[in-house]
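**Student:** show me the folded form of this:
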Amino acid sequence: MGKGDNGKPEKDPAAGDIVTRELALGDLLDGGSTLDCVICAEARFKLMAQNATDKEDMKAWGKGGKGDPVEKWAELIVTVLLHLVVQFFQFVILLLFSASTVKEKEWFFLPEHINNKTTAMSNSILLNNATIAKPFMENQPDCRSNLSYPWLHRLMLFVWVSKMMPEIANGLWRMYRIWLADDVENHDVPTKPQEFLARLEKMDKNKPFADFLAEQKKAYAKKEGKKQKWWRKEKINKEWKDRLLVIDKDGCGRKAESFEPGEQDYPITIDLCEVDEVHEIGQFSLVWKIFITVFALIPSIFLNLYTGVMGAKLIALTGDLGKLVKTALKLKFLLKIPESIFDGYASGNLKNYIDGTSYVVPAPKGEIDIWGKWLSTATKLVLAWALAVSVYYGGFHGVYEFRKLCSSYYATFPHELCTTSGVDAPTCVVQALW
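**Tutor:** Down below sits the predicted model:
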């Protein structure tokens, strides 16, 4: 949507009833990820190619009369390879985690290992005779480690599901943005250095300070409206507010909106602070869509789903109270691998690009964004709790029923837990309260 000479939005016949919103990468992730690096690689490649056509940048991009530039190709290849390597490492670590930790705990709850014990415990409780099940309870940690409360498993699964839902939803949203949302042309705004705007030596009684700032703001909006024709007036006004720096004669920064200077505050200096580069991503070629879908988005969604299943299984299979809490809180390490690799290995130029990049999202004009307010929070809380309860009672129903039977056995014969495992009396009481 363009701007006229007065800085106001012009009507774009092609726009219809659609406006655009921006979703910064920081709104999806904490800092950055190799996944977004590879998704934005094509737009960054085109930006480098565009910069290389400028005479002052030709030499910097290897086009100083010695052939075509190679740096932009090197950046593209390295960025893609970095994410592919991260995905490989993440998958290998998940396999090792599953085989060495989850499978080991799952072994005790296999039907062939608990069928006889289940029958023996049921008969012991029915006949009120602990000796019937006692031979099956020795040297078996699956029942004696059953020391946490049932609601605690649901709580830890709720925490885990709450962590996994955004990870999976973000991958699905990226898929939607690339394939289903309308394309919006990519736009780039280079870094704006700090600028000196004006210096007022004394108070002008004919023109108050607020009126002087209003004139400067109007001139700034007109200038930026011509340079960034796709910017709406609200965005230009926000940038003006963020950049404006008013300094009194003592060198103190003052808040422009509420500053009413007197004679003692002059001379006043007005500067515009530096602004980092801005990149709006909304258009991808068909070849690039296919490539990142096959090699980045689908593997990322699969890895997040696999991580969620393995994490839920480990929480459901862990009976020790202390280990259960630590397990639920530390499982997120598996999800942080792309972010950790990005922090450690991404170049400074790539990090700056990601920090200033936003996805452009078309939206109906006049849309009331209830989802961005209370609805998203309420929906996520209800859905996360429902999934946590469903996973525990449905996905791990056998484990849940076996734990209940163990608790009933030790509640009926509390002395058995003390005599067979050597734990102290308070533990027996805790177990009996299940």
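**Student:** list the residues that contact Leu297.
**Tutor:** Leu35, Ile39, Gly171, Arg174, Met175, Ile178 (CB atoms under 8 Å, 6 or more residues apart in numbering). Backbone N, C-alpha and C define where each C-beta goes, glycine included.
**Student:** so Leu197, which of the three states?
**Tutor:** strand (DSSP: H, G, I helix; E, B strand; the rest coil).
**Student:** am I right that it is in contact with Cys273?
**Tutor:** No - counting by CB atoms under 8 Å, Cys273 is not a contact partner of Leu197; they are 10.5 Å apart.
**Student:** which one of the two has more residues nearby?
**Tutor:** Taking other CB atoms under 10 Å, Leu197 and Cys273 do not tie; Leu197 has more neighbours (16 against 12).
**Student:** any idea how far Leu35 is from the more buried one?
**Tutor:** Using CB to CB, to the nearest Å, Leu197 is found at 40 Å from Leu35.
**Student:** returning to that earlier point: which of the contacts of Leu297 sits closest to Gly311?
**Tutor:** For the contacts of Leu297, the minimum distance to Gly311 (CB to CB) is 16.3 Å, reached by Gly171.
**Student:** quick check: which element contains that closest one?
**Tutor:** helix 150-179 (DSSP states H and E).
**Student:** against which helices or strands is that helix packed?
**Tutor:** Helix 150-179 sits against helix 34-39, helix 286-292, helix 298-317, helix 321-330, helix 376-390, helix 397-412, with contacts defined as 3 or more CB pairs under 8 Å, 6 or more residues apart in numbering; DSSP states H and E.
**Student:** partners of the following helix or strand past that helix in the sheet?
**Tutor:** Where DSSP H and E defines the elements, the next helix or strand beyond helix 150-179 is strand 187-189. As defined by DSSP bridges, the strand partners of strand 187-189 come to strand 278-281 (antiparallel).
**Student:** using PDB, write out every CA atom in the strand it pairs with.
**Tutor:** Taking Å, rounded to 0.1, in the frame of the first residue of the first chain, the C-alpha atoms of strand 278-281 are listed here in PDB:
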ATOM      1  CA  VAL A 278      14.400  -4.700   8.500                       C
ATOM      2  CA  HIS A 279      13.400  -7.600   6.200                       C
ATOM      3  CA  GLU A 280       9.800  -8.500   5.400                       C
ATOM      4  CA  ILE A 281       9.500 -12.100   4.000                       C
END
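**Student:** and Pro150, how many neighbours?
**Tutor:** Neighbours of Pro150 under the rule other CB under 10 Å: 14.
**Student:** that one and Phe108: what is the separation?
**Tutor:** 18 Å.
**Student:** which residues does the spatially closest residue to Leu405 that is not a sequence neighbour contact?
**Tutor:** Counting by CB to CB, 6 or more residues apart in numbering, Leu405 lies nearest to Met121, which is 5.4 Å off, once chain neighbours are set aside. Neighbour list for Met121: Ala133, Phe136, Leu405, Cys406, Ser408, Tyr409 [criterion: CB under 8 Å, 6+ apart].
**Student:** which of the helices or strands spans Met121?
**Tutor:** Using DSSP H and E, Met121 falls in helix 111-127.
**Student:** on contacts alone, who are the packing partners of the helix or strand just after that helix?
**Tutor:** The element immediately downstream of helix 111-127 (helix or strand, assigned by DSSP H and E) is helix 134-137. Applying 3+ CB pairs under 8 Å, 6+ apart, one finds that helix 134-137 contacts helix 111-127, helix 414-421.
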